[in-house]
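Trainee: Using only what follows, build the 3D model:
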Amino acid sequence: MSLCVTSTQSLDELEEMVQIFEQIPNKNVLVPTFESDSLPKSRYNLIKYYPVKDRKKLIMYWFLPSQLRKYRMKLVDYIDFLVGHEGCGSLLAALKQKEFGMESLCGTNPGGFDSNSNFTRFYLEIDISDKGLRNYREVITMVFQYLNMLKTFLPQKRFFDEMKKMGEIDFDNMENDDPYDKAEELAENMTTYMPEDYLCGSYCVFDEYHPDKIMEVLELLTPDNMTVVLQSKSFKDECKTKEPWYKGLYSKSDFDDDFINTLRNVRNKNFRLPDPNPYIPEDFKTKECDVEGSGNVPVLVTDRPGLKVWFYVTEVFDDPSCMIYIHVYNDVLGDNIHDYAVTLLYLLLFQNRAAEIFYPADLAGLNSGITIGREGFTFTFDGYSDKMLQYFTGIMDQFFNYHDNLTNFKAVKDSAVRDMLVKVQKPKHHIDDIRQGFLRKTYFSNLDLAAALEHVTLYDLQNFQIKGKFNVELLSGGNITFEELGSYIDHLKSKLKLEENLLDPHKIRHERVYQIPIGRLMYKVANKTVGDVNTVVKNYYQYDIVNFRDTILLDVIEDLMTEPIFNQLRTRLQLGYSVEASAHHTFGVTGFSLTVHTQANKFTPKQVNVYIETFLSWFSQYLDEMTEEKFKSHVSEIIKTKLSPHRNMDDEFDLYWEEITSQEYIFDRERRTAEVLKTVSKSDLISFYRDIFFSNVRKISFQVEGDATGSDLQNNDN
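Mentor: Numbers count the residues shown, from 1 in each chain. I've put the predicted structure just below:
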């Protein structure tokens with residue numbers, strides 16, 4: 001047994017507290033090990049599997065000697081670093097170029113089956129396209145072409161040094177984790193690492209460089225001891241054998257000897273080792289802020305036509321990282337679904353291209369994201385500030401380099417359509433899609449977007465540009481000065497040609513939400529996956545235009561309801577595996593929902609709807625019977641949580657960004673919320689609760705109904 005306790009109490013108090021565990025008898029049982037000189041070997045090297053969900057994968061794995069006691073050497077990590085590399089000259093880049101696959105994962109999962117005292121299993125998982133599935137032998141050949149290249153040009157110490165340096169940098173600059181997560185991590189580390197490595201074993205424990213041992217492991221990745229698993233819905237007629245646990249269908253066979261022999265010596269001159277990483281930070285000095293401000297809240301430093309800049313001044317976090325979030329309002333994006341689909345596909349093509357070019361930046365702790373909505377674009381950048389400007393300008397230059405982002409058009413388009421349709425097939429996503437479609441005046445559903453994407457042509461993309469007028473709002477903070485920020489702003493302005501294309505702030509689009517009529521409505525659709533028993537019922541109760549106090553009361557109801565709804569609907573009635581209560585803030589309109597995930601062969605949507613309504617009546621009585629003391633205690637705990645300091649700069653920054661994008665700008669929301677909570681009485685809450693759920697009810701019961709004839713084995717909604 002391993003035990004880790006985290007608390008704000010003193011070490012003396014903690015030592016006294018944990019003495020209770022001394023009552024657990026120590027039976028001196030040794031942890032069993034299964035060390036062996038021989039490695040497991042699959043009886044067949046090709047397995048085809050018929051999956052529940054429509055996902056095509058090619059998975060290869062090899063059994064290696066156990067690495068548990070060799071964790072300091074980082075032998076498998078070194079190989080994982082190179083096989084999983086996504087930059088220029090990599091395996092994934094070549095797969096993308098041939099439109100065989102768009103994503104890959106590799107390595108070994110710590111603990112459990114993949115890593116134990118008997119063996120370590122190294123895997124490579126590729127999300128393959130239809131073309132990749134048809135040519136799966138060529139995909140396997142490319143894998144061995146890359147492995148053979150590594151065996152020719154390795155070992156090289158510079159990769160070990162890069163891994164070690166970034167491990168040390170990340171450990172030295174680690175942000176505060178959730179204490180529960182940290183306790184769990186440390187308890188697990190105590191079963192894996194030596195005592196001196198409990199705290200840092202996952203990050204920066206590196207032994208000396210062992211090139212011979214690295215090559216010993218790499219040489220074991222051969223065609224002779226590989227197992228290949230192909231997964232596709234197209235294998236339905238081939239897969240006749242049923243495995244005993246999940247009743248999955250599969251087939252097994254062997255590759256012919258000629259193919260295995262060919263793989264041993266295949267080469268491809270286009271594969272090459274990664275270049276040295278130019279983004280690894282060197283300067284970690286924290287900079288002195290050149291903006292006057294107090295209270296650790298954003299300060300408006302620029303407010304002129306077309307551009308509003310907020311600078312987050314903090315004295316709490318001493319961190320060598322910076323963050324820059326940008327929202328670009330646009331007056332033409334989303335005029336119609338076709339143009340929106342073209343823009344969305346361009347964004348995906350850019351991300352596909354940028355993932356290859358800027359993969360080294362990702363390894364060096366630099367991150368970016370770009371999303372679109374009907375009102376415009378959002379760019380986010382965060383990471384170590386030392387090389388951030390180089391990264392920012394590179395991303396922006398690539399984003400506006402339209403014709404260089406059109407590679408892999410068909411594969412990216414097919415993947416986008418498939419992802420949209422997969423979301424529709426998952427009831428938990430589909431029901432949220434339906435709710436948004438009902439409430440928002442203009443909304444493009446996943447199903448509609450999938451259809452629109454099907455009609456986007458390469459010609460559309462070849463003639464694509466970001467058009468229209470722009471209005472920019474930006475938030476920056478962390479280890480960056482306002483003077484330095486000027487270079488980022490100038491670069492953005494030049495790319496948008498902002499001075500020539502100013503959007504009047506009064507013409508910025510804002511989402512509009514329909515008011516649900518008074519009454520109790522229902523909208524039901526069938527689960528899109530045949531044979532899937534999953535049913536989801538989401539009862540949504542719309543309230544009113546956002547009011548600060550109402551929003552707080554809704555949050556209190558959610559907090560008070562979290563435990564009872566679980567106890568009543570999940571534990572006592574056993575309606576399903578997931579139940580939840582949520583306050584909503586939908587583009588300026590408040591509401592509340594109660595959601596139940598169940599199975600159609602156990603409960604109908606009508607029954608679940610009745611149980612939810614019954615629960616709401618029961619909860620009304622529960623509030624009536626709650627003592628004033630218990631109510632005040634609960635509210636006091638919420639106030640305490642609201643006034644607790646943020647664990648890290650990211651959490652604080654995201655809250656402020658939400659205030660900016662919602663254009664509410666209540667940067668001291670938590671303090672003001674605490675002040676309002678002090679005035680909330682139990683009778684206030686009960687009156688508010690009954691007004692929403694019983695007096696002026698504006699309700700729609702959204703229902704995605706599963707197939708009652710399906711099997712419980714289909715109820716994995718992941």
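Trainee: Show me what the worst-scoring helix or strand of the chain on mean pLDDT is packed against.
Mentor: None of the helices or strands of the chain scores lower by mean pLDDT, DSSP states H and E than helix 179-189, at a mean of 86. Packing partners of helix 179-189 (3 or more CB pairs under 8 Å, 6 or more residues apart in numbering; DSSP states H and E): none among the helices and strands. All C-beta spots, glycine's among them, are computed from the backbone N, C-alpha and C.
Trainee: average model confidence for the one helix or strand D170 maps to?
Mentor: Assigned by DSSP states H and E, D170 belongs to helix 157-172. Mean pLDDT, helix 157-172: 92.
Trainee: now it, how far from the centre of its chain.
Mentor: 25 Å (CA atoms, centre = their mean, to the nearest Å).
Trainee: One more: stretch 175-185?
Mentor: Counting by CA atoms, centre = their mean, stretch 175-185 comes out at 18 Å from the chain centroid.
Trainee: same question, stretch 633-650
Mentor: 25 Å.
Trainee: buried set for it?
Mentor: Buried positions in stretch 633-650, judged by neighbour count with 16 or more other CB atoms under 10 Å: 635, 638-639, 642, 646, 649-650.
Trainee: Could you do stretch 73-93 as well?
Mentor: For stretch 73-93, burial by neighbour count (16+ other CB under 10 Å) applies to 73-87, 89-93.
Trainee: where are the low-confidence patches of the stretch 301-450 of the chain?
Mentor: 315-317 (pLDDT under 70).
Trainee: residue boundaries of the strands in it?
Mentor: 307-312, 321-330, 366-373, 376-384 (DSSP state E, counting those that start in this stretch).
Trainee: Can you check which of those gets nearest to V596?
Mentor: Nearest to V596, of all these, is strand 366-373, at 29.3 Å by CB to CB.
Trainee: For the closest one, enumerate its sheet partners and note whether each is parallel or antiparallel.
Mentor: Here strand 366-373 is paired, per DSSP bridges, with strand 376-384 (antiparallel).
Trainee: Quickly note the distance from F171 to S202.
Mentor: In this view, F171 and S202 are 9 Å apart by CB to CB, to the nearest Å.
Trainee: rewinding a little: helices and strands around the helix or strand just after the least confident helix or strand of the chain, which ones?
Mentor: Using DSSP H and E, the next helix or strand after helix 179-189 towards the C-terminus is helix 211-218. For helix 211-218, the packing partners by 3+ CB pairs under 8 Å, 6+ apart come out as helix 75-83, helix 136-153.
Trainee: Show me which positions of the longest one end up buried.
Mentor: To tie it back to what came earlier, the one meant is helix 136-153. For helix 136-153, by 16+ other CB under 10 Å, it's 136, 139-150.
Trainee: hmm, back to that, which one, of the strands of the stretch 301-450 of the chain, ends up nearest to F631?
Mentor: Distance to F631, taken as CB to CB, is lowest for strand 307-312 among the strands of the stretch 301-450 of the chain, at 36.1 Å.
Trainee: so can I have JSON lines of the buried residues of stretch 633-650 showing secondary structure?
Mentor: As requested, the buried residues of stretch 633-650 are exported to JSON lines (DSSP: H, G, I helix; E, B strand; the rest coil):
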{"residue": "V635", "secondary structure": "helix"}
{"residue": "I638", "secondary structure": "helix"}
{"residue": "I639", "secondary structure": "helix"}
{"residue": "K642", "secondary structure": "helix"}
{"residue": "H646", "secondary structure": "coil"}
{"residue": "M649", "secondary structure": "helix"}
{"residue": "D650", "secondary structure": "helix"}
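Trainee: now those as TSV including distance to Q599?
Mentor: Rendered in TSV, the data for these read as follows (distance: CB to CB, whole Å):
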residue	distance to Q599
V635	37
I638	34
I639	40
K642	38
H646	40
M649	43
D650	38
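Trainee: which SS class is L475?
Mentor: strand.
Trainee: CA atoms only: put stretch 500-513 into PDB for me.
Mentor: Listed next in PDB are the C-alpha coordinates belonging to stretch 500-513 (Å, rounded to 0.1, in the frame of the first residue of the first chain):
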ATOM      1  CA  GLU A 500      -8.000  49.700 -43.900                       C
ATOM      2  CA  ASN A 501     -10.600  47.300 -42.700                       C
ATOM      3  CA  LEU A 502     -12.000  48.700 -39.400                       C
ATOM      4  CA  LEU A 503     -15.300  47.200 -38.300                       C
ATOM      5  CA  ASP A 504     -17.600  49.600 -36.500                       C
ATOM      6  CA  PRO A 505     -18.200  48.100 -33.000                       C
ATOM      7  CA  HIS A 506     -21.900  48.800 -33.400                       C
ATOM      8  CA  LYS A 507     -21.900  46.400 -36.300                       C
ATOM      9  CA  ILE A 508     -20.400  43.500 -34.400                       C
ATOM     10  CA  ARG A 509     -22.600  40.400 -34.700                       C
ATOM     11  CA  HIS A 510     -24.100  39.100 -31.500                       C
ATOM     12  CA  GLU A 511     -25.800  35.700 -31.100                       C
ATOM     13  CA  ARG A 512     -29.500  35.900 -30.600                       C
ATOM     14  CA  VAL A 513     -31.500  33.400 -28.600                       C
END
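Trainee: Counting neighbours, which bits of that stretch end up buried?
Mentor: Within stretch 500-513, the residues that count as buried by 16+ other CB under 10 Å are 501-503, 509, 511, 513.
Trainee: what's the answer for stretch 459-468, then?
Mentor: 461, 464, 466.
Trainee: residue contacts, L46?
Mentor: 227-228, 230, 252-255 (CB atoms under 8 Å, 6 or more residues apart in numbering).
Trainee: same question, D362
Mentor: Residues near D362 by CB under 8 Å, 6+ apart: A355.
Trainee: what's the spacing between it and I169?
Mentor: From D362 to I169 the distance is 14 Å (CB to CB).
Trainee: now swap in D258 and tell me
Mentor: 48 Å.
Trainee: So between those two, which is more surrounded?
Mentor: Per other CB atoms under 10 Å, whichever of D258 and I169 has more neighbours is I169, with 20 against 8.
Trainee: Surely the more buried one and G365 touch.
Mentor: Yes: I169 is within contact range of G365, at 7.1 Å (criterion: CB atoms under 8 Å).
Trainee: quick one: common contacting residues for those two?
Mentor: With CB under 8 Å, 6+ apart as the test, I169 and G365 both reach 281, 384.
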